[in-house]
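**Q** Need the 3D shape of this:
(one chain, ligands or ions: 1)
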Amino acid sequence: MDPLDNHLRGLQAALPEFRALASTILPRWGERLARHLGTGGRLLVAGNGGSAAEAQHLAAELVGRLRDERQPLSAIALTPDSSAVTAISNDYGYEEVFARQVRAHGRPGDVLILMSTSGRSPNLVKAAHAAREAGVRTWAMTGREPNPLSMACDETLGCPSGDSQVVQELHLVSVHLLCEYVDLALPTVVDALEEALAR
Ligand SMILES: O=C(CO)[C@@H](O)[C@H](O)[C@H](O)[C@H](O)COP(=O)(O)O
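**A** Numbering: from 1, shown residues only. The predicted structure follows:
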């Protein structure tokens with residue numbers, strides 16, 4: 001089959017189930033993230049390969065902006081600091097690369113989003129365990145559940161495809177939607193905070 005037809009067919013097949021899952025998870029995550037980031041909390045985010053790029057994309061949308069003007073929000077991708085990534089991998093092994101950064105940057109109540117198509121990358125599973133020990137909430141974006149990462153995290157958006165490219169594409173849709181839901185909830189959070197401070 002032509003790659004174009006084949007690819008779009010795979011994407012199209014996953015969409016109905018993705019829509020149902022995303023509609024129950026992403027508005028809730030967006031609202032919670034708005035409350036956390038809007039009151040000075042921090043998001044950490046990590047992934048490997050294509051998912052590293054998506055992790056950075058998510059952090060950039062939050063620190064910068066998605067569409068409309070708003071306050072900068074604290075989001076740190078654990079992937080782009082080549083000095084930290086190479087030193088930690090060299091000294092402790094690649095499996096520790098995110099876990100150590102979670103221990104360094106994560107504070108109780110923070111959120112860690114881990115992105116993986118397979119849900120089987122050991123460095124992400126270790127990061128989830130480190131987060132739990134630090135009191136950091138863990139949300140995973142993966143392919144189909146169950147998988148080791150979804151089992152190690154508090155909540156998971158398991159995109160319903162066995163094709164890693166399709167899963168990555170659905171993760172990017174999820175990144176944008178999550179930011180849309182954050183932006184939607186943020187004004188209410190900021191109003192409540194200002195009201196409380198004025199009292
Ligand atoms: O982008 C691609 C393939 O689409 C690759 O770079 C892919 O991200 C890498 O193989 C990753 O190491 C896969 O990790 P994961 O998604 O299974 O956690």
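
**Q** can you map out the strands along this protein?
**A** 43-47, 75-77, 111-115, 137-142, 155-158 (DSSP state E).

**Q** Mean neighbour count, those: which tops it?
**A** Ranked by mean neighbour count, the strands of the chain are led by strand 111-115 with a mean of 28 (mean count of other C-beta atoms under 10 Å). Glycine gets a C-beta too; all of them are placed from N, C-alpha and C.

**Q** and that strand, is it in reach of the ligand?
**A** No. Shown here: strand 111-115 not in contact with the ligand (C-beta under 6 Å from any ligand atom), separated by at least 7.2 Å.

**Q** any idea of the angle that strand forms with strand 137-142?
**A** Angle, strand 111-115 to strand 137-142, by axes from the mean of the first three to the mean of the last three C-alpha atoms, to 10 degrees: 20 degrees.

**Q** Partner strands of strand 111-115 and their direction?
**A** strand 43-47 (parallel), strand 137-142 (parallel) (DSSP bridges).

**Q** ok, L193 - contacts?
**A** Counting by C-beta atoms under 8 Å, 6 or more residues apart in numbering, L193 touches 38-39.

**Q** per-residue confidence at it?
**A** L193 carries a pLDDT score of 86 in this model.

**Q** Could I get the strands of the chain in JSON lines, plus columns for distance to L21?
**A** Formatted as JSON lines, the strands of the chain follow (distance: least, C-beta to C-beta, whole Å):
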{"stretch": "strand 43-47", "distance to L21": "19"}
{"stretch": "strand 75-77", "distance to L21": "23"}
{"stretch": "strand 111-115", "distance to L21": "15"}
{"stretch": "strand 137-142", "distance to L21": "11"}
{"stretch": "strand 155-158", "distance to L21": "6"}
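
**Q** how about JSON lines for those, with mean pLDDT added?
**A** Below are the strands of the chain laid out as JSON lines (pLDDT from 0 to 100):
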{"stretch": "strand 43-47", "mean pLDDT": "99"}
{"stretch": "strand 75-77", "mean pLDDT": "98"}
{"stretch": "strand 111-115", "mean pLDDT": "99"}
{"stretch": "strand 137-142", "mean pLDDT": "98"}
{"stretch": "strand 155-158", "mean pLDDT": "98"}
